[in-house]
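[1] The following block contains a protein sequence and its predicted model.
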Amino acid sequence: MEDDIKYDYWWAGMPRCYQGQVKHVAMDAGSTRRLYEMDKAELMTIDGIGEKYADDIIEKRKGWDISGEYDKLVNSGIRFIPWYSSEYPQRLKAIKGHPFALFCLGDFPDDNRLSVAVVGARNCSQYGRMMASKFGTELAGYGVQVVSGMAYGIDGLAQEAALNAGGTSYAVLGCGVNICYPPSNRILYERLKENGGIISEYGLYSKPMASLFPPRNRIISALSDLVLVIEAREQSGSMITVDMALEQGREVAIVPGRITDPLSTGCMKLCKQGAYPVTSAEDIMYILDENFDNSKKSVIRSRVMLTEDEKRIYEVLEPYAKSIGEITDESSVSFRDGIAALVELCIKGLAAETGKGYYVKAKDCVAV
């Protein structure tokens, strides 16, 4: 019935301590309208509903204005898409345990276009930051949709780079879509609404809690054709996403790092287990598209005007720190001129000082 979506909206807001039960309980009951109308004894006849769950359901409907609450949702501009809707992403519907419903600001990834999830460490290294920006930019250049969790670190950096390159990106949150988490990514959050989407299975105003993030990772992997891991410890949220991706039949790729780096232990383990090591988005395209033609490449790289000394210094910088002495020796630029060039490169955002007298490459560009 037409009004049933209003009951679906009420039911979708049930606390996630019953993760996985939301859909099958509704189906066993026959409809969310019936769940709303049942008394406690009737509720407890449904498989999966014990006394506490029944009490919680009754509490959740107290003072709930079925039509009024749904009207407020519609007027807010937030889309509510139950699993049976034609708008529900087909990639996600195909997996076991897909969400009962989704909340969305903006759009969902296009099922007819390639999507890649980019995940990795929050506390990433300068190398990780560069790789996240590199792959986000290159994937967007190939028209690939970038999916991630909008987290601080690798996730947000890859999504920001994709948007900067004119692409689209989609964030799956571990809280309500009307909550920007982390708050520091507010600008990215607003941009994603306009050039992609913000997605969650959790009801509005659901606060970010540690228990909500692992389940949301299955959505990130399900919306993607491949999961790319850039810097991950052996025990991390990124590895949870990979496990879910493998269960869903998705491809997995890693960006190699130094074998002595703790942030590379997860990636190295995945590589030993058969994940694809990749060094560019072109590698990913060959994995996903057997008809890929790299002449279609349209990757956007920023072009920056540099002096001759700045070019020579920039060419020897790496994502790993080097001392001023090493940099000037390798570039054949005098110590004095080298310091001046490094200062200018830092001002332009192309270099960063990681410690007194030590510098890294901060951004990939074409020097002109």
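    Sure thing, it's come through. Since the structure is predicted, the reported quantities are computational estimates derived from the model, not experimental observations.
[2] After the helix or strand harbouring residue 215, heading C-terminal, what element do we hit next?
    Element membership of residue 215, judged by DSSP states H and E, is helix 213-222. Using DSSP H and E, the helix or strand that follows helix 213-222 in sequence is strand 226-230.
[3] Within the sheet, what are the partner strands of that next one, with directions?
    For strand 226-230, the paired strands and their directions (DSSP bridges) read strand 115-120 (parallel), strand 251-254 (parallel).
[4] Excluding sequence neighbours, find me the nearest residue to the residue nearest the centre of the chain.
    For the chain, residue 148 is the residue whose C-alpha lies nearest the centre (C-alpha atoms, centre = their mean; 0.9 Å). With C-beta to C-beta, 6 or more residues apart in numbering as the criterion, residue 148 has its nearest non-adjacent residue at 4.0 Å, and that residue is residue 155. C-betas here are computed from N, CA, C, even on glycine.
[5] quick one: contacts for residue 252?
    226, 227, 229, 242, 245, 246, 270, 275, 276 (C-beta atoms under 8 Å, 6 or more residues apart in numbering).
[6] Go through stretch 62-77 and flag the buried ones.
    Across stretch 62-77, burial judged by 16 or more other C-beta atoms under 10 Å covers 70, 73.
[7] Just name whatever secondary elements the helix holding residue 215 is in contact with.
    Judged by 3 or more C-beta pairs under 8 Å, 6 or more residues apart in numbering; DSSP states H and E, the packing partners of helix 213-222 are helix 90-93, strand 115-120, strand 169-172, helix 237-247.
[8] Any regions of the stretch 251-368 of the chain where pLDDT drops low?
    295-302, 366, 368 (pLDDT under 70).
[9] could you pull out the strands for it?
    Using DSSP state E, counting those that start in this stretch, the strands of the stretch 251-368 of the chain run over 251-254, 276-277, 303-304, 322-323, 351-355, 358-361, 366-367.
[10] Of the ones you listed, which stretch is the most buried?
    Looking across the strands of the stretch 251-368 of the chain with neighbours counted as mean count of other C-beta atoms under 10 Å, the highest average goes to strand 251-254: a mean of 22.
[11] circling back: contacts for the helix or strand where the residue nearest to residue 148 lies, please.
    Element membership of residue 155, judged by DSSP H and E, is helix 154-164. The contact list for helix 154-164 (C-beta under 8 Å, 6+ apart) reads 118-122, 124, 128-129, 132-137, 139-140, 146, 148-150, 168-169, 171, 185, 188, 191-192, 195-196, 230-231.
[12] Residues in a beta bridge with residue 360, which ones?
    Beta-bridge partners recorded for residue 360 (DSSP bridges): residue 352.
[13] hmm, back to that, could the strands of the stretch 251-368 of the chain be laid out in CSV, adding distance to residue 265?
    Shown next, in CSV, are the strands of the stretch 251-368 of the chain (distance: least, C-beta to C-beta, whole Å):
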stretch, distance to residue 265
strand 251-254, 11
strand 276-277, 15
strand 303-304, 35
strand 322-323, 24
strand 351-355, 21
strand 358-361, 21
strand 366-367, 33
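[14] From residue 196, how far off is residue 283?
    Here residue 283 is placed at a distance of 24 Å from residue 196 (C-beta to C-beta, to the nearest Å).
[15] of those two, who's got more company?
    Using other C-beta atoms under 10 Å as the criterion, residue 283 and residue 196 rank with residue 196 on top: 24 against 16.
[16] Against residue 230, how distant is the more buried one?
    19 Å.
[17] ok, now residue 275?
    Going from residue 275 to residue 230 by C-beta to C-beta gives 12 Å.
[18] and for these two, which residues touch both?
    Common contact partners of residue 275 and residue 230 (C-beta under 8 Å, 6+ apart): 254, 267.
[19] These two: which is more packed in?
    Using other C-beta under 10 Å, the more surrounded residue of residue 275 and residue 230 is residue 230, with 32 against 21.
[20] Excluding covalently adjacent residues, which one is nearest to that one?
    Using C-beta to C-beta, 6+ apart and skipping the chain neighbours, the partner closest in space to residue 230 is residue 120 (3.9 Å).
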